[in-house]
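1. Quick one: sequence plus predicted model below, questions after.
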Amino acid sequence: MTWWKMKTHMILCGTLAKAQSMGEHIVLFEIQDPLFSKLDDTLLTSIFMINTDHKTRFVVTPNFRIYDPKEELPLTIARRTSQVCRRWRKVMLQSPIIWGSVIDFDLLRQRKDFWRKEVLRRTGSALLCISGCVNWLEMRSRSFFRFLLVEHWERIRKLDVELKTFSESPSIIESLKERPAPNLEFIMICTRRLAESQLPVNYRQKIYAGRKPEGGNYSIFCPTFPRHLHAIWLPQIRGLTIGWVREADIFPLLERMTLLETLKIEATTDLNMDNVPTKQIVLPTLVLLDLRNHFQFCHQVLGSITPSPNCVLTLTSYDWKAKDVSSHCDKLSSMANILKKYTAAYFGTRKVSHLKLFLSGSRFSIETSMGPATTSQLLHFEVHPDEKLPFIICSSIMDCIISSVELSSITTLEIALHPTPKCDMLHSDLVALFSACTSTRIIQVTKKAAEVLYELAQEHHSLFPSLEILCVKMEEPTILTRSEQIDYFEGLLALLEARQELKSPVKVLDLTGCDIGKSAIIEFWDKSVEVNVRRREELCVLMNGHGYSPEHCHSCGIAQILDMDIASFKGLGEPSVVFQIVPLLMHFSLVEQKNIHIL
């Protein structure tokens, strides 16, 4: 949040408190802050627009429940801003673009029309952003919704509404496909209940669409998607997400939408493997392709469209069975070649420094990461089988990464391996991947990953010559018994010693991803390992019969870290305390000198 936004928010809160203490009578105060009194109207308007920025109102979770954000609604912020002082009110009333962006049905349900008409009057001729729940059983709510769509459809920039107590799209929505929408960027229409004849049980059909992306997703959510395939405004759409529609409808739709910049296809119905377009679908501006479907359909889509050379692929494939591998060897080889092209293009146009690898008995994924502060699209390949995960699928995807790009730019590597026989089967692939990461400074590991790295170190593989920081992530620490936790950390200690013997010691051990404060197992660390330890708790503790005692840490040498290149940890979580650097080189006896603590 910018300083100006924080300041205006503080003033709004203070003014609201004063207004509430005086009852319903509104009093306009004068702003005493000299800095704000010097701001010109243009800058004030810009600040107010930031404060009332129209976010996507409804979010659909994986189980298709709809929920609202808890933050203040933009219309409320606009109204309160206009009541702070005379000057602010003047600026607000002269800013129709702000009022046009905050129309919300949840706040416009009064019995009388005065406030609805007043808000609409303040919009002037500005474009409209409309959100909120439309209760179809309420005449005033239903009438206002119809009025906006009939009289102001051409002005609507964003439409983000939920139709309550309505199982089918009303005729007014059906008529939209025949009307031009020159300014439409975002349209999302949700219905709580759907006709059983329209959709599979527990699923919703949806189409997300948008005309010109400006930093967000552009979408329509409607149970009657097939009827909108011929909407006259579809060719202008720049972003599209579709799910639970017939595969036969998808390719004709894409042929009409040559301006697409983002495309996301979720699960489909009426699977038809013969529905292959007769010619390539060229989407020259497509920069993001997100497929979440069964393997054959994903292969079919990837083989049928030609995107922008810089297109980023996010692929999640389901329904792989070990028995299907032999019958799909040709498609698997073809898919591997396609993935290599996307991978090479991605790494060739970006400086990728963060890579994540996940492997369990039921899931495999490998993806890039740009850190929490970036909005860049990420390369992501993921496989979820119906049965046991075929080894060849994981090996093929890893080969796409290893053989098509240089991984020397990777400085942070997350290795989330979980107990599965495939870890042994992928031994050579893991060695090849790790050997290519010659510049990796930070590695985050699970228990199984630490074991694998230790085994590779025992085999004298010269891996990760630049490694400095080892981050530990304990899976489900509350479930592990004390002996299991001790075994976990003894394995880490063995890895540290093995790295030290190879003349590539780890400099920092980051334990902030572990619940070590409660497990009280850190006193078992060997004091001879020359490593700095970064952890959450302030003191080393030992669990005895009387609870936790900071006097009995037995000089374990656990240290906390200060000024240790905190930026290096940004992608793996922010530090929770202030740290101090203390090397594990000295031994102390807290029995003899109880006032000595290594902090």
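-> Cool, the structure landed. Residues are numbered from 1 along each chain as shown.
2. Mind exporting the C-alpha coordinates of the one helix or strand residue 48 maps to to CSV?
-> Using DSSP states H and E, residue 48 maps to helix 41-51. Coordinates of the C-alpha atoms in helix 41-51 are reproduced here as CSV (Å, rounded to 0.1, in the frame of the first residue of the first chain):
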residue,chain,number,x,y,z
ASP,A,41,-7.2,18.0,-7.6
THR,A,42,-5.6,15.7,-10.3
LEU,A,43,-3.4,13.9,-7.7
LEU,A,44,-6.3,13.6,-5.3
THR,A,45,-8.5,12.1,-8.0
SER,A,46,-5.7,9.6,-8.7
ILE,A,47,-5.5,8.6,-5.1
PHE,A,48,-9.2,8.2,-4.8
MET,A,49,-9.3,6.0,-7.9
ILE,A,50,-6.6,3.7,-6.3
ASN,A,51,-8.7,3.5,-3.1
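3. Check which residues of it are buried.
-> Residues of helix 41-51 classed as buried by neighbour count (16 or more other CB atoms under 10 Å): 44, 45, 47, 48, 51. All C-beta atoms are positioned from the backbone trio N, CA, C, and that covers glycine.
4. Now do the strands in the stretch 401-550 of the chain.
-> With DSSP state E, counting those that start in this stretch as the criterion, the stretch 401-550 of the chain has strands at 412-417, 442-445, 469-473, 508-513, 532-534, 542-544, 547-549.
5. And these: which comes nearest residue 230?
-> strand 412-417 (45.5 Å; CB to CB).
6. and the angle for the closest one with strand 469-473?
-> Angle, strand 412-417 to strand 469-473, by axes from the mean of the first three to the mean of the last three CA atoms, to 10 degrees: 40 degrees.
7. Please name every helix or strand in contact with strand 412-417.
-> Contacts defined by 3 or more CB pairs under 8 Å, 6 or more residues apart in numbering; DSSP states H and E place strand 412-417 against strand 354-359, strand 442-445, helix 447-458.
8. Any chance of those in TSV with distance to residue 121 as columns?
-> Below are those laid out as TSV (distance: least, CB to CB, whole Å):
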stretch	distance to residue 121
strand 354-359	51
strand 442-445	56
helix 447-458	62
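9. ranking those by burial, who's on top?
-> By mean neighbour count, with neighbours taken as mean count of other CB atoms under 10 Å, strand 442-445 ranks first of the helices and strands packed on strand 412-417 at a mean of 23.
10. What mean pLDDT does that one get?
-> The pLDDT scores in strand 442-445 average 92.
11. returning to what we had before: now distance to residue 379 too, for the strands of the stretch 401-550 of the chain, in CSV please.
-> What follows is those, written out as CSV (distance: least, CB to CB, whole Å):
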stretch, distance to residue 379
strand 412-417, 14
strand 442-445, 19
strand 469-473, 22
strand 508-513, 24
strand 532-534, 29
strand 542-544, 44
strand 547-549, 45
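12. what's the closest of these to residue 130?
-> Judged by CB to CB, the one of those that comes nearest to residue 130 is strand 412-417, at 41.4 Å.
13. For residue 152, grab the count of nearby residues.
-> For residue 152, the neighbour count with other CB atoms under 10 Å is 17.
14. typo on my end, residue 230
-> Counted with other CB under 10 Å, residues neighbouring residue 230 total 12.
15. Nearest spatial neighbour of it, chain-adjacent residues omitted?
-> Leaving out its chain neighbours, the residue that sits closest to residue 230 by CB to CB, 6 or more residues apart in numbering is residue 177, at 6.6 Å.
16. And the one you found, how far from residue 231?
-> Residue 177 sits 4 Å away from residue 231, taking CB to CB, to the nearest Å as the criterion.
17. For these two, indicate the residue with more neighbours.
-> Per other CB under 10 Å, whichever of residue 177 and residue 231 has more neighbours is residue 231, with 19 against 16.
18. Verify the stated contact: the more buried one with residue 174.
-> No: applying CB atoms under 8 Å as the test, residue 231 and residue 174 come out as separate, 10.2 Å apart.
19. Local confidence estimate at the closest residue to residue 418 other than its chain neighbours?
-> Closest residue to residue 418 apart from its sequence neighbours, by CB to CB, 6+ apart: residue 360 at 4.1 Å. pLDDT for residue 360: 85.
20. before we move on, what about the one 3 residues further on?
-> Looking at residue 363, its pLDDT is 84.
21. Tell me how many other residues crowd it.
-> As a burial measure, residue 363 scores 16 neighbours (other CB under 10 Å).
22. now swap in residue 93 and tell me
-> Residue 93: 12 surrounding residues under other CB under 10 Å.
23. just the one 10 residues further on next, same as before
-> Around residue 103 sit 26 other residues, with neighbours defined as other CB under 10 Å.
24. and what of residue 293?
-> Residues near residue 293, counting by other CB under 10 Å: 22.
25. swap in residue 487?
-> When neighbours are counted by other CB under 10 Å, residue 487 registers 13.
26. do the same with the one 10 residues further on
-> A count of neighbours around residue 497, defined by other CB under 10 Å, yields 16.
27. Surely residue 140 is within a helix?
-> Yes: counting by DSSP: H, G, I helix; E, B strand; the rest coil, residue 140 is part of a helix.
28. hang on, it packs against residue 114?
-> No: with contact defined as CB under 8 Å, residue 140 does not count as touching residue 114 (11.9 Å).
29. which one of those two has more residues nearby?
-> residue 140 (16 against 9).
30. Contacts only, for the more buried one.
-> Residue 140 makes contact with 109, 110, 111, 113 under the criterion CB atoms under 8 Å, 6 or more residues apart in numbering.
31. Burial check on residue 310, number of neighbours?
-> Neighbours around residue 310, by other CB under 10 Å: 15.
32. you'd agree it is up against residue 345?
-> Yes: using CB under 8 Å, residue 310 is in contact with residue 345, at 6.0 Å.
33. in the stretch 201-350 of the chain, which ranges drop under the pLDDT threshold?
-> For the stretch 201-350 of the chain, the stretches flagged by pLDDT under 70 are 201-229, 243-247, 267-276, 319-328.
34. of the buried residues of helix 41-51, closest to residue 248?
-> Distance to residue 248 across those (CB to CB) is lowest for residue 51, with 46.5 Å.
35. Identify each buried residue in stretch 113-123, please.
-> Result for stretch 113-123 [16+ other CB under 10 Å]: buried residues 116, 119, 120, 122, 123.
36. Would you mind giving those residues as CSV with secondary structure added?
-> Shown next, in CSV, are the buried residues of stretch 113-123 (three-state DSSP):
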residue, secondary structure
116, helix
119, helix
120, helix
122, helix
123, coil
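37. would CSV of these with pLDDT and distance to residue 436 be doable?
-> Below are the buried residues of stretch 113-123 laid out as CSV (pLDDT from 0 to 100; distance: CB to CB, whole Å):
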residue, pLDDT, distance to residue 436
116, 90, 62
119, 92, 59
120, 92, 60
122, 94, 60
123, 93, 57
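38. Residue 293: which of those residues is nearest?
-> Proximity of the buried residues of stretch 113-123 to residue 293 (CB to CB) peaks at residue 123, which lies at 41.4 Å.
39. Please list all residues in contact with the residue nearest to that closest one when sequence neighbours are not counted.
-> Nearest-residue entry for residue 123: residue 100, 4.0 Å, with adjacent residues in sequence omitted and distances by CB to CB, 6+ apart. When contacts are counted by CB under 8 Å, 6+ apart, residue 100 touches 123, 124, 126, 127, 128, 129, 155.
40. quick one: pLDDT of the third one?
-> If you check residue 126, the pLDDT there is 93.
41. returning to what we had before: now the buried members of the contacts of residue 140.
-> Buried subset of the contacts of residue 140 (neighbour count, 16+ other CB under 10 Å): residue 109.
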